[in-house]
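K.L.:
sharing a model that was predicted from the sequence below.
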Amino acid sequence: MVNVQPQLTIHWRGHIPLEHVSWERHTGREVVLKPELEAKRNRVWKKTVRQHPGVYDGLLLVLERLQASSTGVHLDLNTIRFSRVVTLDSLGLGLVGYGCLGCQMIILTPDRQSILIGERARVSIHCPLFLSVPGGMLESGDAEGSVEKACMRELNEEALVDVGPEKHLLAIVGELHGKLGAIMLVEMVAQETPIPGALVSGNEEWTSSQLRWYSVDELDRLDLSRTLEGVAFVAEEWRIHHESRRSVIWP
C-alpha cells in the first residue's frame, strides 16, 4: 500500500487552552449564492434528500475572520444553509473566507500513546469509509455558548468516552477533501487508560457504530490518503516528533 501523506493547509497552529478561544456570530446575516447557483440549489438538494432521507437543511457556522494574539484566538462567524454547502460542493466550488467551521477531537490516552479513531459509515454524505477522529460541522446555535460546549456536544453525539477537564486548541486547518471547510483540531485526554485496541461505542456515523484506540505507532501504517484532517494532523505531528522538531502534541 502506498501511504500518501495529505497536505494540510494550516490557518493557525499552537497549543492554547480552549477557554482562550472566543467567537462571535454576526446575526442578521447569512451567506447566499449567486442567482445562477441558487437556481440549481433546489435540484441538488432534492437529489441529496433522496440519497440521504434523514438529512437536515440546518444553518451552519462559517468562519469569516480569524484573529490570533499571544493570549488567545477569536473567530468571527457567519451562517450558511447546508443545502447551499451541498450545492457548492457538487460543483467543486468553495466559499469566500475560511469556509464552514467544524471541530474534530484528538482524544489521547493519558500516556499519549494511543488515539481514538473510527471509520466513517458507508452511508456518510462526506468521505464515507475514511478514517477520522470524532467531530463534525458546527451549527448556528453552537455560537450561543462557549467553544468548549460546542465541541463537547459533537463528542457526546458521536462517541461514548469520558475526557478530562483540560482541552487545548492545536490548530485550525483547511478541509482536506473539499474547498468548503475550516476545522478546529482540539486535544482532549481520556479519563482512564483503555486496553490497547479496545472498542468504543459510537453513533451511526461510524462503521458498526464503533471506534477504537489506535497506537500512535500504527499511524504510519494507515492509508493517510483516506483520512480526515485530525488523523492526518496527528500523523504529521508524530513524524515531526521523531525527527526532533517541535511538535504541539508531543514534547
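P.N.:
Sure thing, it's come through. Source: prediction; values computed, not measured. Residues are numbered from 1 along each chain as shown.
K.L.:
what are the boundaries of the strands in this protein?
P.N.:
10-17, 21-25, 59-68, 73-81, 99-108, 114-120, 131-132, 135-137, 168-174, 181-189, 199-201, 206-215 (DSSP state E).
K.L.:
a markdown table for these, including mean pLDDT?
P.N.:
Below are the strands of the chain laid out as a markdown table (pLDDT from 0 to 100):
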| stretch | mean pLDDT |
| --- | --- |
| strand 10-17 | 96 |
| strand 21-25 | 96 |
| strand 59-68 | 96 |
| strand 73-81 | 96 |
| strand 99-108 | 97 |
| strand 114-120 | 97 |
| strand 131-132 | 98 |
| strand 135-137 | 96 |
| strand 168-174 | 98 |
| strand 181-189 | 97 |
| strand 199-201 | 97 |
| strand 206-215 | 97 |
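K.L.:
now for those strands, which one comes closest to His52?
P.N.:
His52 sits nearest to strand 114-120 of all these, at 13.4 Å, using CB to CB. The C-beta positions use only the backbone N, C-alpha and C, and glycine is treated the same way.
K.L.:
buried sites along the closest one?
P.N.:
114-120 (16 or more other CB atoms under 10 Å).
K.L.:
picking that back up, what's the closest of the strands of the chain to Leu160?
P.N.:
Of all these, strand 199-201 comes closest under CB to CB, at 4.3 Å.
K.L.:
where do the helices of the stretch 151-251 of the chain begin and end?
P.N.:
Secondary structure of the stretch 151-251 of the chain, counting by DSSP state H, counting those that start in this stretch: helices at 229-242.
K.L.:
which one's the longest helix in the protein?
P.N.:
helix 35-51 (DSSP state H).
K.L.:
re earlier: go through the strands of the chain and name the closest to Arg41.
P.N.:
Per CB to CB, nearest to Arg41 of these: strand 73-81, 8.5 Å.
K.L.:
elements contacting that closest one?
P.N.:
If you count contacts as 3 or more CB pairs under 8 Å, 6 or more residues apart in numbering; DSSP states H and E, strand 73-81 packs onto strand 10-17, strand 21-25, strand 59-68, strand 99-108.
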